[in-house]
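**Student:** next one to model:
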Amino acid sequence: VFDDMPEPDVVLWTAIITAYSQHGYGDEAFKLFHQMQRQFVKPDKITFINILNACASPEDLVLGKLVHAHIVDKGVESDVFVGAALVKMYGKSGSIQDACRVFEKMPERNVLAWNAIIGGYARHEQGNEVFWLFQQMQQQGIKPNKTTFIGILTACASPEAMALGELAHAKLVEGGFALDVVVGNALVSMYGKCGSIENACRVFEKMPNRDLVSWTVMLAAFAQHGCGKESIWAFEQMQREGLKPNVITLVNMLNACSHAGLVDEGLGYFHSMKQEYGITPTMEHYNCIVDLLGRAGLLDEAEDFINKMPFQPDAVIWMTFLGCCRLHGCTNQGKCAAENAVKLDPQLHSAYVVLSNIYAAAGEWDDVAKVRKLMADKAVKKEPGHSWIEVNNRIHDFVVGDRSHPQTEEIYAELERLTQQMKLAGYVPDTNLVLYDVEEEQKEHLLCCHSEKLAITFGLISTPYGTPLRITKSLRVCVDCHKVAKYISKNLNREIVLRDANRFHHFRGGVCTCG
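**Tutor:** Here you go, the predicted structure:
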């Protein structure tokens with residue numbers, strides 16, 4: 001229809017640009033925006049707002065800045081709606097500094113502008129800044145809406161931000177948003193990502209209305225916490241309530257089975273996808289099954305499954321299989337997986353790192369040297385694992401052997417005291433986990449200084465007796481640190497919630513939820 005119009009005006013150009021933008025066709029929207037100007041039709045404020053909505057990723061930042069320059073030329077930068085759209089664009093494009101500059105220059109700010117800047121900080125998981133903005137917003141008489149709270153809850157979706165998440169929950173109840181299904185979904189997701197599966201379930205059960213997203217985020221939370229039986233109950237109950245799973249729901253369900261070791265159940269759901277739900281499995285579903293089989297130690301079955309896939313496996317599939325090979329110490333299959341991953345993605349540096357670790361764990365130091373030389377030739381650097389904990393509204397970040405913290409001496413003294421106490425109780429450091437060819441004594445020292453041990457120890461000396469400790473680890477938690485966390489949870493009466501790269505670990509009374 002648009003193409004048949006002889007001389008479309010700014011209203012029609014804006015309508016077609018908006019249609020493309022809202023349906024995720026950003027490139028086409030920009031082509032139309034440029035074509036519009038070539039035909040000497042001047043964009044108005046509504047045009048600018050909608051073309052900015054098409055800039056929703058870091059790849060679009062340059063185009064977004066180009067539109068910003070047009071807005072300045074047009075003299076509409078001070079318009080509150082245009083300003084809010086600019087802040088939102090910069091936030092989504094990953095330039096929070098530019099978002100702040102635009103926000104601070106705005107002569108007037110409405111709830112859209114505040115939501116945009118809160119959303120920008122939320123995407124960077126900066127919970128403290130988000131709460132400060134929320135307080136400023138209220139002081140300036142701007143009433144928050146449900147979008148405001150969704151942004152705040154997004155910013156609180158990590159274990160160290162649990163206290164802020166609970167505060168946000170209280171505030172949204174005060175604001176009368178507790179019964180809103182979208183806000184409820186955000187709450188369930190936030191509590192699940194903070195490590196409180198109990199609170200996630202409590203919110204979910206109190207929701208007066210639940211849609212497919214509600215069940216999907218609840219399943220995601222169960223998956224992250226390894227709650228396999230609860231996942232199965234939720235999945236079956238969802239269908240009894242008349243809701244059919246979608247692609248994402250089934251990914252979460254398969255992940256839940258994988259983390260809980262429910263191999264037969266996971267395979268059953270996978271094989272029934274097409275017939276029961278009319279969904280053709282995607283690469284992501286196949287990846288879940290590789291993980292399911294591999295985690296269970298069925299590496300031959302996992303490799304056979306990869307080879308029989310109806311499409312070529314991508315690098316992600318091979319990296320998943322490589323991780324399982326590392327978990328079970330299978331060097332030959334691990335080498336094959338690493339080679340396939342790098343062949344598909346030569347820039348996939350993590351494949352070299354994992355393969356090097358597999359060889360080191362097996363004591364094959366000549367092969368370690370070869371891989372590390374290859375890494376050096378390709379300028380591949382192994383990023384150190386980080387562990388962090390929030391104490392008194394401040395994030396404390398640790399790496400292995402870290403001595404940069406102001407309380408370093410206290411931390412290491414307490415860690416040494418704990419280590420000796422554990423040894424008397426029968427603890428033996430698992431030095432096989434040290435991936436360097438050094439003397440046994442040095443291996444034990446390196447093992448003692450792992451980042452998660454430092455974060456836990458700092459938590460012990462910095463919080464009152466009995467306070468739960470919430471730790472986040474950027475990589476998978478090592479077996480020895482897992483053993484130490486069990487001991488501390490039992491003998492020092494501390495609940496420890498540790499989120500690693502794969503899942504949550506809840507330590508209570510010497511037992512972890514992962515088994």
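
**Student:** the bottom helix or strand of this structure by mean pLDDT?
**Tutor:** helix 440-448 (a mean of 67; mean pLDDT, DSSP states H and E).

**Student:** after it comes which helix or strand?
**Tutor:** Later in the chain than helix 440-448, the nearest helix or strand by DSSP states H and E is helix 451-462.

**Student:** name the residues that touch that next one?
**Tutor:** Residues outside helix 451-462 that contact it (Cβ atoms under 8 Å, 6 or more residues apart in numbering) are 384-389, 391-392, 396, 398-400, 402, 405, 407, 410-411, 414-415, 418, 467, 469, 471, 473, 477-478, 481, 484-485, 488, 492, 494, 496, 498. Yep, even glycine has a C-beta here, placed from its N, CA and C like the rest.

**Student:** ok, now stretch 252-260?
**Tutor:** With Cβ under 8 Å, 6+ apart as the test, stretch 252-260 has contacts from 216, 219-220, 222-229, 231-232, 235, 245, 262-263, 265-266, 269-270, 285, 288-289, 291-292, 295, 502-503, 514.

**Student:** buried subset of these, written for ChimeraX?
**Tutor:** Of the contacts of stretch 252-260, the buried ones can be selected in ChimeraX as follows, counting by 16 or more other Cβ atoms under 10 Å:
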select :216,219,220,222,223,224,225,226,227,228,231,232,235,245,262,263,265,266,269,270,285,288,289,291,292,295,502,503,514
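
**Student:** in strands, which of the contacts of stretch 252-260 fall?
**Tutor:** If you go by DSSP state E, the contacts of stretch 252-260 have nothing in strands.

**Student:** name the SS class of Ser387, please.
**Tutor:** Of the three states, Ser387 takes strand under DSSP: H, G, I helix; E, B strand; the rest coil.

**Student:** hmm, Ser474 and it touching each other?
**Tutor:** Yes - between Ser387 and Ser474 there is a contact under Cβ atoms under 8 Å: 7.4 Å.

**Student:** quick one, which of those two is more surrounded?
**Tutor:** The neighbour comparison of Ser387 against Ser474 (other Cβ atoms under 10 Å) goes to Ser387, with 27 against 16.

**Student:** now do the strands in this structure.
**Tutor:** Under DSSP E, the chain gives strands at 386-391, 394-399, 469-473, 496-499, 504-508, 511-512.

**Student:** just the CA coordinates for the third one, please, in PDB.
**Tutor:** Taking Å, rounded to 0.1, in the frame of the first residue of the first chain, the C-alpha atoms of strand 469-473 are listed here in PDB:
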ATOM      1  CA  LEU A 469      26.500 -15.800  52.700                       C
ATOM      2  CA  ARG A 470      25.700 -15.200  49.100                       C
ATOM      3  CA  ILE A 471      28.600 -15.700  46.700                       C
ATOM      4  CA  THR A 472      28.800 -15.400  42.900                       C
ATOM      5  CA  LYS A 473      31.600 -17.200  41.000                       C
END
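
**Student:** buried subset of the contacts of helix 451-462?
**Tutor:** Neighbour counting by 16+ other Cβ under 10 Å classes 385-389, 391, 396, 398-400, 402, 405, 411, 415, 418, 469, 471, 473, 477-478, 481, 484-485, 488, 494, 496, 498 among those as buried.

**Student:** now the longest helix along the chain: buried residues?
**Tutor:** Using DSSP state H to assign secondary structure, the helix with the most residues in the chain is helix 408-424. Neighbour counts using 16+ other Cβ under 10 Å place Ile411, Tyr412, Leu415, Leu418, Thr419, Met422 of helix 408-424 among the buried residues.
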